[in-house]
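In: dropping a prediction and its sequence here:
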Amino acid sequence: MGTFAVRTEGLRKEYGDIVAVRDLCLGVPSGCIYGLIGPNGSGKTTAIKVLMGLVRATSGTAEVLGRTVPMKGKDGRVSYMPQELALYTDLTVHENAQLFAELNGVSPDEFLEREREVLEVVGLWERKGDLVGQLSGGMQHRASLACAMVNKPSLMFLDEPTVGVDPELRSGFWEHFRSLKAQGMTVVLTTHYMDEASRCDLVGMMHKGRLIAEGTPAELLEDAGRNNLEDAFRVFIVRCRE
Amino acid sequence: MNSRRMLAITKKVLRSLRHDRRTAAFLVLMPIFMIAIFGYTFGGEVEDVEVYIVDLDEGLGPADLSDLVIARLQGGDSLRILEVIRPSSGIADPVGYGREKVESGNAWGCIVFPADFAANALTFSPGNSTAADAATVTMFLDGSNLNIVQTVTSTVRSALSSVMVEDLGFVQPVNAVPDLVYGEGRDFLDTFAPGVISLAVMMVTFMISIISFIHERTTGTLARLLSTPVTESEVVLGYAMAFGLIGLVQSAVVMATALLLFGVQVEGSLALVLLTVFLLGVGMQGLGFLLSANARTEFQAVQFIPIILFPSILLSGVFWPLESVPELLRPVSYLLPLTYAVDGARSVMVRGWGLEEIWPDLAILLIFAAAMLALSIVLMRRR
């Protein structure tokens, strides 16, 4: 069995009376594309925030790249692309990229190389001197992805990376995720598009804070006896109620 | 603590300003604007107060004392005499006429010299005469503006005493003579500039910090920063560095304006004034930070601005001395960091004091800044 990039045991997060994540047991093998899917409010974002150490779990344990969460002193091997833009709109693409590179401990020389690489991937190399606030929505999204990749992380958490992205660009993103995987990177992404889930190596289905099913898309379809993941998801919801 | 990451944060804040020219201009021009407005307004004296004079003085021998006083009043800038009414003017009730001018709002005051004015003044003998024998000028004044009342009263009093001492050679039996230990030859603006410099830096650092922090939190950039290896202390101190620098540049600009444009003089060390203002800027940035953490939206955050700003402007000795603050509010004055910055900067600029004298002010500002930053870090960790 390969190593796990992410492992959680009984992870739980409560906000007052609301249980956002319920006893989550997750195992993401290194070097795969893992999709957390589920409707809005199913706990995907909260789970990622706990794993990034941005919110504290109420109970349970989690390990990311072999280190217990929340980590004391992050090492820049994990990066995070939040659902919202979360870039400085009053800075240029280049300045944003440089900021996140410096914070992640990328050396100035290495940055020169990396910047060109990631900006070319997202098609923004020509626009690197533009203020992020002046870019179109789709370009801003791509800039955000570039900033998450600039430190060449071993593990990336991408929260809804394809929301509001046009179909053409979306398939471009997926191509890129696969090339990251080919370089040995682990990608954990959330989506509520079921068609995207079928492109992942492994899928975890979340509903009301619970992981209701986990497996490869093919396994999930077979298990549910359906021919698309959307229907399969419904089957798992019903099973979980029973 | 990694200085490279901290400086990356500082660089980010300063870079944002470079792209946001309007805010950058605001940072520099606002303090200049403030010192110009405050300097001209507060530095100006009350002039051209319109008054009527009723001169009924019959004189004593060759001396017409009231004319000497009126000549003095006409020679000064404070009063504009609209009309001098004498018995020869043919008005039946000159005193009633003059009073009516004040009542109807045609003049701020009416100064009445009685018929026996010169006689009483010149025959008065200290020790033998009673108060009823004294020469008395009556002033009908519109008390709706106390500044005006004060100006008219003091102008008339000083004209009276100048006439008696300088024109007639009388010697006053009692005297009070000021001998300034500090601030000799200084005008109002000199004593006032240290306060405005501190106030300007405080306002700007506090406002910008409270807004930029709430912005960091609501747009998700803060969470994203903290998902990298950067620590809470590096973020807070990186910001503090940037705002301290902004405060320094601001105070240098204001200082240059005050020195070159308004001729303000600085007795002590300029560097010490800058240090004082730097510490204030860092502290206020920390406070802005802390308060913005208690707001959910930008609108809520903005509400903190007047809560801090108004007491600071009114109670910290920028315009009025702490002694004029009612005792009930005095503790508030001592809680405001601006109080210590103003005191420190003023002591250096006007008294020419050095570190050995103003260290208590600096110590308090330092403690305030350290406490604010430490609390900000703790609060950010407890998310």
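Out: Looks like it came in fine.
In: residues contacting the most centrally placed residue in chain A?
Out: By CA atoms, centre = their mean, chain A has its centre lying nearest to A:Leu158, at 2.3 Å. A:Leu158 sits next to A:80-81, A:145, A:148, A:187-190 when contact means CB atoms under 8 Å, 6 or more residues apart in numbering or on different chains. The C-beta positions use only the backbone N, C-alpha and C, and glycine is treated the same way.
In: near chain B, which residues of chain A are found?
Out: Counting by CB under 8 Å from any CB of the partner chain, chain A comes close to chain B at A:49, A:52-55, A:73-76, A:78-80, A:82-88, A:90-92, A:95, A:98-100, A:102-105, A:131, A:151.
In: go again with 7 Å.
Out: Within chain A, the positions lying close to chain B (CB under 7 Å from any CB of the partner chain) are A:52, A:54, A:73-76, A:80, A:82, A:84, A:86-88, A:90-91, A:95, A:99-100, A:102-105, A:131.
In: now what about the one helix or strand in chain A whose mean pLDDT sits lowest, what contacts it?
Out: Taking mean pLDDT, DSSP states H and E as the measure, helix A:194-197 is the helix or strand of chain A with the lowest mean score, a mean of 83. Here helix A:194-197 makes contact (CB atoms under 7 Å, 6 or more residues apart in numbering or on different chains) with A:35, A:37, A:162, A:191, A:203, A:217, A:228-230, A:233.
In: can we see that at 6 Å?
Out: A:35, A:37, A:203, A:229-230 (CB atoms under 6 Å, 6 or more residues apart in numbering or on different chains).
In: retrieve the pLDDT associated with the residue of chain B most remote from its centre.
Out: Most distant residue from the mean C-alpha position of chain B: B:Gly61, 49.6 Å away (CA atoms, centre = their mean). B:Gly61 is assigned a pLDDT of 75 by the prediction.
In: may I have the phi/psi pair for it?
Out: phi 60, psi -130 (degrees, to the nearest 10).
In: if I look at it, how far off is A:Gly73?
Out: Plainly put, B:Gly61 is 98 Å away from A:Gly73 if you go by CB to CB, to the nearest Å.
In: what does B:Gln303 give?
Out: Per CB to CB, B:Gln303 is found 37 Å from A:Gly73.
In: more neighbours: these two, which one.
Out: B:Gln303 (12 against 8; other CB atoms under 10 Å in any protein chain shown).
In: run through who's touching the helix or strand bottoming out on mean pLDDT in chain B.
Out: In chain B, no helix or strand scores lower on mean pLDDT, DSSP H and E than helix B:21-43, which sits at a mean of 81. The contact list for helix B:21-43, computed with CB under 6 Å, 6+ apart, reads B:17, B:188-189, B:196, B:200, B:204, B:250, B:253-254, B:257-258, B:262.
In: equivalent analysis for stretch B:58-75, please.
Out: Contacts of stretch B:58-75 (CB under 6 Å, 6+ apart): B:55, B:57, B:79, B:113, B:115, B:117-119, B:121-122, B:159, B:162-163, B:167.
In: low-scoring stretches of the chain, by residue?
Out: All of this refers to chain A. For chain A, applying pLDDT under 70 flags the ranges A:1-2.
In: please go with chain B instead
Out: B:43-44, B:383.
In: helix, strand or coil: sort out the residue nearest the centre of it for me.
Out: Geometric centre of chain B, nearest residue: B:Phe319, 2.4 Å, by CA atoms, centre = their mean. Following DSSP: H, G, I helix; E, B strand; the rest coil, we place B:Phe319 in the coil state.
In: swap in A:Glu219?
Out: Of the three states, A:Glu219 takes helix under three-state DSSP.
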